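Asks: below are the sequence and a predicted model; questions follow.
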Amino acid sequence: EQRTGEYERKLRSLRIRELMLLYQDLREKEEEKKQEEIRLEALKTKKERLEIRQKELDKRYKEAGERCRIAENNDIFRGVRESIQALERQIEKLNEEKEKQEQLEKALKMAEAANEAKTKFLAGMSHEIRTPMNAIIGLNSMIRSSLDDREQVLDYTEKLDSASQYLLALLNDILDMSRIESGSMKLAIRAFEGDKFWDNVNMLAKAQAVMAGVGYSFERRKTISEVYIGDSTRLEQIMVNLINNAVKFTPKGGNVNVSVAEQETDGRVQLTAVVSDNGIGIAKDFLPKVFEIFTQEHEENTRVYGGSGLGLSIARNYARMMDGDITVESAEGKGTVFTVTAKLDFDRRKKARKERTENISFEGKRILLVEDHPLNVIVAKGLLEKKQFEVVTAENGKKAVELVTDAPEYYFDAILMDIRMPVLDGIEAARQIRALDRADVKELPIIAMTANAGDEDRRQTKEAGMSEHLAKPIDPKLLYTTLQKFILP
């Protein structure tokens, strides 16, 4: 228990440092905002100067016209006319500059609107991050003062885990929105079990509904297949987001209903899911904005209900990436109906594989853990030894290659490989291990276990010959299931 407590304290310390780095990044973005305001002020000054110049040219034009009338029969008329023509050219040029200035004004207004949205977003993010961070810091202090009370410590750690998960979800939303806007977001297409998928969605939804005192019902009609092919993680994210919103904005005693229908079209499954509630609803004039980023109908909703204003925008983008969409119908005070459509592939011949995930034991199996961060080594080693693994550690890729090279064939049953490490990174280490002239390394499971969780990172690990890619923070159940798939028969 003392060792477990030490592990948890070190893990919390790491999370706090990472959150402080994120807070520092937000401060840098606020400084960028100040510089943008200075540039906008410069544009306004330039506009004022152009207006003064136009007035001076208008005055000179009038004076030249007057001189022209006085000297109409004089020899200097030609010179005056040339002057007028020059002034006309200047006025024409000024009109062009004025048109450009109007375009600059439009750009200025757009920049100001974007700046205002960014300001609200940064303020919202600061609040959203500070709230769980405050809970984490406070709970950490309360745990230290309650070490003799095991039940109290367990209660605090559960609350600490909840605050950490909320922060992680918030960070994931920000990263996902960044990838979507840059066009780098790609779906992770894999086979998944339909029954298991909807059971998991319902488990999360029922828990939320019970906690909120809201009724919940689920109906699934016409199942096309047992196994579907698509991005189950993104699809689950869409459903959980919509159901959580329905629960969140439905008063106690209200009801949330989910119905799912499947239809085969052109060799694919057309999935239609409807999430309805009888909650507070959405005002008619706000409906067109409901999927815009950083927006909520009322600013007080952020304080009362929480949230960053990113969830619906992310969910709709995911649905459209799946050849579908999300639509909404609502009446203020009566409730809201969200309809999700998405297309999935399937194989009638493929049956769901039941994985044995409970009471997994890897006794007699040896694993190489390649990780440079001491705290991560402690956590990962503890998780592995809990399932009877014999764990060998290496602090960088070079040491891992040496251990595999010097060990007898089939000495290791699997390798867990971090990516960013000193001396030699995980990508190059995996390539060198695969290139060794021995039989066992060709099929040896090499599993990336890294904070590099993007699609490009997954592509690089696959090209390096790695068998699987697990993103940190590690989900123990997913870790055990993945190792079971590669090691146990």
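Replies: Cool, the structure landed. Numbers count the residues shown, from 1 in each chain.
Asks: measure stretch 385-398 end to end?
Replies: Across stretch 385-398, the terminal residues are separated by 24 Å (Cα to Cα, to the nearest Å).
Asks: could you do stretch 261-273 as well?
Replies: This stretch, stretch 261-273, spans 6 Å end to end (Cα to Cα).
Asks: list the buried residues of that stretch.
Replies: 262, 268-271, 273 (16 or more other Cβ atoms under 10 Å). Every C-beta, even on glycine, is put in place using the N, C-alpha and C of the backbone.
Asks: so what's Glu112 up against?
Replies: Neighbouring residues of Glu112 by Cβ atoms under 8 Å, 6 or more residues apart in numbering: Leu40.
Asks: same question, Met142
Replies: By Cβ under 8 Å, 6+ apart, Met142 lies in contact with Tyr156.
Asks: which of the residues in stretch 150-160 are buried?
Replies: Neighbour-count burial for stretch 150-160 flags 153, 156-157, 159-160 (criterion: 16+ other Cβ under 10 Å).
Asks: what average pLDDT does that stretch get?
Replies: Mean pLDDT, stretch 150-160: 84.
Asks: now do it: distance to the chain's middle.
Replies: Relative to its parent chain, stretch 150-160 has a centroid offset of 29 Å by Cα atoms, centre = their mean, to the nearest Å.
Asks: ok, stretch 275-283 next?
Replies: On Cα atoms, centre = their mean, the centre of stretch 275-283 falls 26 Å from the chain's centre.
Asks: on that earlier part again, identify the farthest-apart pair in the buried residues of stretch 261-273.
Replies: Greatest spacing in those, by Cβ to Cβ: Arg268 and Ala273 (15.8 Å).
Asks: give me the subset of the buried residues of stretch 261-273 that lies in strands.
Replies: Among the buried residues of stretch 261-273, the ones falling in strands (DSSP state E) are 262, 268-271, 273.
Asks: tell me the strands in this structure, going along the chain?
Replies: Under DSSP E, the chain gives strands at 190-193, 215-221, 227-230, 255-265, 268-277, 325-331, 335-346, 366-370, 390-394, 414-417, 446-450, 468-471.
Asks: make a markdown table from those and add distance to Gly311 and mean pLDDT to it.
Replies: Listed next are the strands of the chain as a markdown table, based on distance: least, Cβ to Cβ, whole Å; pLDDT from 0 to 100:
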| stretch | distance to Gly311 | mean pLDDT |
| --- | --- | --- |
| strand 190-193 | 22 | 86 |
| strand 215-221 | 19 | 92 |
| strand 227-230 | 20 | 89 |
| strand 255-265 | 16 | 92 |
| strand 268-277 | 13 | 94 |
| strand 325-331 | 11 | 94 |
| strand 335-346 | 12 | 93 |
| strand 366-370 | 36 | 95 |
| strand 390-394 | 39 | 95 |
| strand 414-417 | 32 | 94 |
| strand 446-450 | 26 | 89 |
| strand 468-471 | 20 | 87 |
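Asks: highest average neighbour count across the ones you listed?
Replies: strand 414-417 (a mean of 27; mean count of other Cβ atoms under 10 Å).
Asks: so what touches that strand?
Replies: 365, 367-371, 380, 384, 397, 400, 404, 426, 429-430, 433, 444-450, 466, 483, 486-487.
Asks: Asp323: what's it in contact with?
Replies: With Cβ under 8 Å, 6+ apart, Asp323 has these contacts: 342-343.
Asks: would TSV of the strands of the chain with distance to Val247 be doable?
Replies: What follows is those, written out as TSV (distance: least, Cβ to Cβ, whole Å):
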stretch	distance to Val247
strand 190-193	24
strand 215-221	8
strand 227-230	25
strand 255-265	6
strand 268-277	8
strand 325-331	16
strand 335-346	12
strand 366-370	40
strand 390-394	42
strand 414-417	37
strand 446-450	34
strand 468-471	27
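Asks: which one of those strands lies closest to Ser164?
Replies: Of these, nearest to Ser164 by Cβ to Cβ is strand 468-471, at 15.3 Å.
Asks: elements contacting the closest one?
Replies: Under the contact criterion of 3 or more Cβ pairs under 8 Å, 6 or more residues apart in numbering; DSSP states H and E, strand 468-471 touches strand 446-450, helix 455-463, helix 476-487.
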